[in-house]
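Novice: attaching a predicted model along with its sequence, questions to come.
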Amino acid sequence: YYHGHNPLIQKGGLLENFSGEVIHSSSFQSVEMAKGKKVLVIGGSVSGCDISGSIARDGEAASVDQSVRHVPYALNHLTDKGAVCDEIMFLRLIIWLKTSLPKKMNDKGLQKAIGDEFAAQITADISKHK
C-alpha cells in the first residue's frame, strides 16, 4: 500500500485521552494489523476507503468504522473476486464507447484501435468478474 508521503496526525483534541494505537495510512501495511481490534478509519478519500474496505473484506477486526466529513470514495480498489476495479471500469468504458459513439467515429479510429478480437477478449474478461 502507498498512502501519502507526509503523514499528519493532529495532536491534542479527542486523541489526547485516547489510549489505543493511532497510525497514519502511510504506516498501514496489511489487514493483519487490525486483527481482533476495533478499528476507526478517519477520512473518506482514496486511502481511507481503500484501507477500511480491505480490513472489512479481508481482515479479522472486531469491528471497522469509518468517519468522514463528506461522501467518501466508496469504491474499493479490488472486487470481491480480487480483480482491480480500475481495469474493469476502463474495459467497460471501451466497450461503451464502441457501442455509443457514432459509426463514423468508430470507423475512423476507435474500432480499428480496439479491433473485434480485442473487444471479444474484453467482453470475456468482464463476464468472469461479474
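Specialist: Nice, I can see it.

Novice: can you show me the strands along the chain?
Specialist: Along the chain, counting by DSSP state E, strands occupy 38-42, 63-67.

Novice: okay, and the helix or strand of this protein with the least pLDDT?
Specialist: helix 111-128 (a mean of 66; mean pLDDT, DSSP states H and E).

Novice: who touches I23 in this structure?
Specialist: Each residue near I23 by C-beta atoms under 8 Å, 6 or more residues apart in numbering is listed here: M33. Quick note: C-beta positions are derived from backbone N, CA and C, even for glycine.

Novice: what do you get if the cut-off is 10 Å, keeping everything else the same?
Specialist: Counting by C-beta atoms under 10 Å, 6 or more residues apart in numbering, I23 touches 7, 9, 29, 33, 51.

Novice: distance of it relative to V39?
Specialist: From I23 over to V39 the distance is 10 Å, taken as C-beta to C-beta, to the nearest Å.
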